[in-house]
Structures are given as structure tokens and as C-alpha cells.
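J.: My questions concern the predicted model and sequence given below.
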Amino acid sequence: MPTTHSSKAKSFDIGRPEYPSEFFDRLYNEFELNNSAVIADIGSGTGKVARHFLERGNKVFAIEYDADMLNISNKNLHHFPNYIPICTIAENTQLEPNSIDLIFCGNSYCWFDRAKTIPEFLRISHKDAIVIIAYLGGAGLNNPLSTAINEMRKKYFPPSPPVFNLSPAFPEGNYTSHEIKWTIYDNKEKFMHASLSQSGAPSESDEFYKTFCNEMETVFDIHSVNGIIAAPLRLRYDIGKVCDLLS
């Protein structure tokens, strides 16, 4: 699996939005997730989602291949006794067989080699384990800010690599799909870090880094009010059994 956010860990931790509390409330109330469930957060990044599970008492294995991401996660979460970080890939989690009740993948599943990842997920999971495939991003293209940001992506981001796979994770009828929409309010620093945290964004060593930053600052200035920008977000997540994952 490639390191898709190499050198972007700091920006990822500062700029990426938190999942809404409504998401976790639904998991623990509507879907009856309990604090005894053992969770594998695959592609855990800097621990933004793992923190919420840990705060509710769950044991969480944070599986992250990018060492810079995991180092920040360790600093953020080391005080939780049920936090277990492992620097490895999704295709080889190093977890014990039949040890996981819930697998969570947030904006990460599209990068995995499904031919290798699905057998690994089946190996580490209990018979009735569930998996949550979540995608957090902008809420559509029907607003001026989203349009401006997507124009910057077209201009500066390279095409997605062949491994990138957004095809359905489950067969039709074998999962439930859910959506939450809300708005975040960021200052320029958070907005810029969020922009630079994306996998296709230029890094400091890239030729167009400064130009990209200047143009994104202009986007912020145009669309912000009193130094704050309102960004609509959408969290879509599919819930199904691990045994039903599509290769």
C-alpha cells in the first residue's frame, strides 16, 4: 500500500475536520455498539476517530502505515490504556485471528488492495463482525466554495493512482448506507492545513507549492467572512458484515 499522505501528517492533524458527534451517538445508540467491542481502525491517521472510541472505553488497534501519522497519533492518544498502535499495512495488520468485533475505515478503504485486504479482514474478525466504510468530504459541488476548491484540484492535483478504488464495498442489499451533513467554520490556518493535507496536494518540495498556497489563500479571502470560512461537509458511511465485502 502506498504512503498516500507522505509529509502531510502535521497538516492532516491540524486541518482535517472531526467526525460529528452525531455519528458516534448513532453507532452506540441506534446500532448498539458497546464499549466492550474491540475495534480495528484501519488507516487511523493521526487518531481523530480512534480518540472517540477510546473515550467510550473501547479497545482500539490503530493500524497506520505512515510513521509520521502514527507518531502524532501516539502523542495524542498515548494516555489511553486501550490504545494499541501498529505501524503496518491493511493487507497485513499483524492482529490475532478472530480478535476484532468492528473494523472501521475512514477515507482509507479506497486505497487498499482488496484482493489482499478482504482475506486479512476475515482472518482477524469474529464471525459476526461488522465493518464501517466511511467517506468524509465536501457536501457536493452545488456551492461556490466547493466549486473553487475543485478547480484547484483539477489544476494542481495529479490523477488518482490505479489503486484508488471507489467501487461499492458491499453487494446491493447486504449493507445499510447513511449520511450526515453539517457545516464547519475554519480560520485561514485550518483551511490551509486542510487543503495541504489532501493526498494530491503539493508538498513543500514541489515546484508549484507556493503558487498553490497563494491561490488557496485567495480562495479563502474570497469566500470567508470576518476571517472565517463556512465549509459544508458530508459524511457517508456504509455498514455491513465483514463476510459480505466485495473483492
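T.: Yep, it's here.
J.: Spit out the contact partners of the residue nearest to residue 37 when sequence neighbours are not counted.
T.: Leaving out its chain neighbours, the residue that sits closest to residue 37 by CB to CB, 6 or more residues apart in numbering is residue 101, at 4.1 Å. For the C-beta atoms, the positions are set from N, CA and C on the backbone; glycine is no exception. By CB atoms under 8 Å, 6 or more residues apart in numbering, the contact list for residue 101 reads 37, 38, 39, 125, 126, 129, 130.
J.: which of these count as buried?
T.: For the contacts of residue 101, a burial check counting by 16 or more other CB atoms under 10 Å picks out 37, 38, 39, 125, 129, 130.
J.: out of these, which are inside strands?
T.: 38, 39, 125, 129, 130 (DSSP state E).
J.: Name the spans of the protein whose pLDDT lies under the cut-off.
T.: Applying pLDDT under 70 to the chain flags residues 1-6, 139-141, 160-163.
J.: what are the ranges of the strands in it?
T.: Going by DSSP E, the chain shows strands at 38-42, 59-63, 83-86, 100-106, 125-138, 175-186, 229-241.
J.: hang on, the earlier thing: nearest to residue 51, out of the ones in strands among the buried ones among the contacts of residue 101: which one, please.
T.: residue 39 (11.9 Å; CB to CB).
J.: Quickly list what the closest one is bridged to.
T.: Under DSSP bridges, the beta-bridge partners of residue 39 are residue 60, residue 102.
J.: just to revisit the earlier point, could I get the strands of the chain as TSV with distance to residue 198?
T.: Listed next are these as TSV, based on distance: least, CB to CB, whole Å:
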stretch	distance to residue 198
strand 38-42	20
strand 59-63	21
strand 83-86	23
strand 100-106	14
strand 125-138	10
strand 175-186	15
strand 229-241	13
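J.: Residue 145 is nearest to which of these?
T.: Taking CB to CB, strand 229-241 is the member of these nearest to residue 145, at 6.3 Å.
J.: How far away from the center of its chain is that closest one?
T.: The chain centre lies 10 Å from the centre of strand 229-241; the measure is CA atoms, centre = their mean, to the nearest Å.
J.: which other helices and strands contact the helix ranked longest in the chain?
T.: Ranked by number of residues, the top helix in the chain under DSSP state H is helix 209-223. Packed against helix 209-223, as judged by 3 or more CB pairs under 8 Å, 6 or more residues apart in numbering; DSSP states H and E, are the following elements: helix 144-156, helix 188-196.
J.: Okay, angle between the last one and helix 209-223 too, please.
T.: Calculated by axes from the mean of the first three to the mean of the last three CA atoms, to 10 degrees, helix 188-196 forms an angle of 130 degrees with helix 209-223.
J.: which other residues reach helix 188-196?
T.: In this structure, residues lying in contact with helix 188-196 by CB under 8 Å, 6+ apart are 8, 10-12, 14-17, 149, 152, 186, 201-202, 212-213, 216-217, 220, 224, 227, 229, 231.
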